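Peer 1: Following is a predicted model, sequence given first.
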Amino acid sequence: MALPLVYHWRNVFVRPTTTTLTILVVAAVVGLLGWILGFAAALRGSLAVASDTHKIIVIRRGSTSEGTSALPPAEFNKLSQVTGVARDPQTGRPLVSPEMTVQVALPRKRDAGRTTANVAVRGVDPERAFAVHRNVRLQGPVFATGAQEIIVGVKAAEQFAGLRLGDVVNLGFGNDRGYRVVGYFTADGGPLESEIWGYLPSLMNAYSRNAYSSAALRVAPDEDPQKVIEQIEGPAIQLTAKTEAAYWHEQLRLVRGYLVIVTGLVLIMSVAAVCSIANTMFSAVAGRTREIAMLRTIGFGRGRILVGFVLEAVLLALLGGGLGCGLCLAWLQFVGRTKDMLGASSFTTLAFEIRLTPMIAAVALAAVVLVGALGALVPAWRAARVQAVSALREG
C-alpha cells in the first residue's frame, strides 16, 4: 500500500522557510543549467552549419586566422594549380573566392551602445563568393559594385546598432568612408551571419590593402577534400588550408573554454543544491519521527517510507526546477537571446541565438530530479530505519 500523493505534497510545505530556501537554490541551478544548455546548443548548431565538407579556407602559412593573414595576389594565383577544385558550369572558371577581412567596432544593442564589439567586414566578389559559400542567401538586393554599399548578416543586425537598411557605416583606414546598408543575408544560422559583406575592390581601396586575407574554394563533389588540402600545403603552393569545420572549430575554442568554466560552476551549485535538499529532508525526518512510527504501525513498510521521502524531495526539486526554467526564460527575454563572443584569434565576434527549447527544459528538469533524489537518499534511509515502538514511547 502506497501513501497518497497529496500527503507528500502537503508535507513539502510544512516548513515554509527551509522549503523556500531550497527551492531558490534549486531554481538558481536549473536557471543557469538551462542557459548553459541553450548556449551549448546554439554553439553546436552554428558549428554544424559551418561544416561544409567541400569548402576549404586558405590562409597564409603561419597565420592563425583570416584576420592575421595576408595573401598577396601572386600567392593567391598559385591556387590555379590545384586540381580537384569545382568549376562554374557556365564559365568553367574554378570556384575560388578571394576575400579580405577587417574589423569595425560597433555598439551593442543590448546595453544601449555602452559597449562595442569588433564585427567582421568581409570584402568579396559576389559572383564567386556566392558560388563558394552556398549557404549564404540574400534577403534583398546585393551591394552595387560601383557604389559604397554593404549587406549585413541577420545575426549582426540583431546584435549591433547602426545596421538597419539605409544606415551608413563608416569604414576605411580612417573610418572616413560611409557605406550604406542595402540588404541582409542569412547563412543558415552559421558564423557568416555575424559579418558585414561589401565589394572586394572597394574595401581593399578603402583600407589601402594590396593583399587578400584568405581564399575560400569549393572542392568538386567527386574529389577528396583532404587531397586538395595536401596540394595547397605542399611545396608548390605552401599555404595553410583547412576545411570550414576545422577552421571554425579552432576559432571557437575560447567559447568552449568559457562553457567548461560555467559548467564547473553549475556542478558546484548542484552539490550545494543536493546539500540543501538533504538538510531540508533531515529536518523533516527529525520533526516527523512519531508520524513515521505511526505509519509503520498501521502497515507501511520501510520501502514505502523511503520512497515517500524521496518523492517529497523530488517534488521539492521540481518546484525549484519549474521556477528556474521560468527565470531562465525571463532572463533571455530581458537581456535578449543573441549573445556575442570573441573568436580565439580572429579578433571578431560571433553571435549566437540562445533558446530554452522544450528539450533543454526537459533535460534540466531531469537533472534536478536526480539532484533531489540524491539529496533525499540518506535522510530517507534514516526515516525508513525508524524503530516504531521506540519512537512511540519517546513521543
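Peer 2: That came through fine.
Peer 1: can you give me the helices for this structure?
Peer 2: Using DSSP state H, the helices found in the chain span residues 5-12, 16-49, 73-77, 126-132, 154-159, 200-206, 225-233, 244-251, 253-287, 289-297, 302-335, 358-384, 388-394.
Peer 1: tell me, which of these is the model least confident about?
Peer 2: The minimum mean pLDDT among the helices of the chain belongs to helix 388-394 (a mean of 46).
Peer 1: Tell me the confidence at residue 2?
Peer 2: If you check residue 2, the pLDDT there is 54.
Peer 1: Can I get stretch 267-280 in CSV, CA atoms only?
Peer 2: Output in CSV follows, covering the C-alpha atoms of stretch 267-280 (Å, rounded to 0.1, in the frame of the first residue of the first chain):
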residue,chain,number,x,y,z
LEU,A,267,28.4,21.4,-10.8
ILE,A,268,29.4,23.2,-7.7
MET,A,269,26.0,24.7,-7.4
SER,A,270,24.4,21.3,-7.9
VAL,A,271,26.4,20.0,-4.9
ALA,A,272,25.0,22.9,-2.9
ALA,A,273,21.5,22.0,-4.1
VAL,A,274,22.0,18.4,-3.0
CYS,A,275,23.2,19.5,0.4
SER,A,276,20.3,22.0,0.7
ILE,A,277,17.7,19.3,-0.1
ALA,A,278,19.4,16.8,2.3
ASN,A,279,19.3,19.4,5.1
THR,A,280,15.6,20.0,4.4
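Peer 1: Identify each buried residue in stretch 209-226, please.
Peer 2: 209, 211, 212, 213, 214, 215, 216, 217, 218, 219, 220, 225 (16 or more other C-beta atoms under 10 Å). Every C-beta, even on glycine, is put in place using the N, C-alpha and C of the backbone.
Peer 1: Enumerate every residue touching the closest residue to the first one other than its chain neighbours.
Peer 2: Okay, so that is residue 209. Excluding the flanking residues, the one nearest residue 209 by C-beta to C-beta, 6 or more residues apart in numbering is residue 100, at 5.9 Å. By C-beta atoms under 8 Å, 6 or more residues apart in numbering, the residues touching residue 100 are 122, 123, 200, 203, 204, 207, 209, 211, 212, 213.
Peer 1: Pick out whichever of those residues sits closest to residue 318.
Peer 2: Using C-beta to C-beta, residue 122 is the member of the contacts of residue 100 that sits closest to residue 318, with 47.7 Å.
Peer 1: who does residue 107 bridge with?
Peer 2: residue 116 (DSSP bridges).
Peer 1: Pull the contacting residues for residue 125.
Peer 2: 97, 98, 199, 200 are the contacts of residue 125 under C-beta under 8 Å, 6+ apart.
Peer 1: got it, and residue 102?
Peer 2: Counted by C-beta under 8 Å, 6+ apart, residue 102 has contacts 67, 120, 121, 123, 171, 203, 207, 213.
Peer 1: one more time with 6 Å
Peer 2: By C-beta atoms under 6 Å, 6 or more residues apart in numbering, residue 102 lies in contact with 121, 207.
Peer 1: swap in residue 104?
Peer 2: Residues in contact with residue 104 (C-beta under 6 Å, 6+ apart) are 119, 121, 171.
Peer 1: In the buried residues of stretch 209-226, find the pair that's most separated.
Peer 2: Spatial extent of these (C-beta to C-beta) is set by the pair 209 and 220 at 30.3 Å.
Peer 1: Can you give the domain ranges for this structure?
Peer 2: 5-48+254-394, 72-238 (automatic domain parsing).
Peer 1: how far away is residue 145 from residue 362?
Peer 2: For residue 145, the distance to residue 362 equals 50 Å [C-beta to C-beta, to the nearest Å].
Peer 1: More neighbours: those two, which one.
Peer 2: residue 145 (14 against 11; other C-beta atoms under 10 Å).
Peer 1: any idea how far the more buried one is from residue 198?
Peer 2: As judged by C-beta to C-beta, residue 145 and residue 198 stand 10 Å apart.
Peer 1: Kindly report the same for residue 157.
Peer 2: 15 Å.
Peer 1: what number of residues lie near the closest residue to residue 109 other than its chain neighbours?
Peer 2: The shortest distance from residue 109 to any non-neighbouring residue, by C-beta to C-beta, 6+ apart, is to residue 161 (5.3 Å). Applying other C-beta under 10 Å, we find 15 other residues in the vicinity of residue 161.
Peer 1: and residue 161, what does it touch?
Peer 2: 107, 109, 113.
Peer 1: residues of stretch 179-187 that come out buried?
Peer 2: 179, 181, 182, 183, 184, 185, 186, 187.
Peer 1: Could you export that stretch as CSV, CA atoms only?
Peer 2: Extracted as CSV, the C-alpha positions of stretch 179-187 are listed here (Å, rounded to 0.1, in the frame of the first residue of the first chain):
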residue,chain,number,x,y,z
TYR,A,179,29.0,52.6,-46.7
ARG,A,180,25.2,52.3,-46.9
VAL,A,181,23.4,49.2,-45.8
VAL,A,182,21.3,48.0,-48.7
GLY,A,183,20.3,44.4,-47.8
TYR,A,184,20.6,41.5,-45.4
PHE,A,185,21.7,37.9,-45.9
THR,A,186,21.3,34.6,-44.0
ALA,A,187,23.7,31.7,-43.7
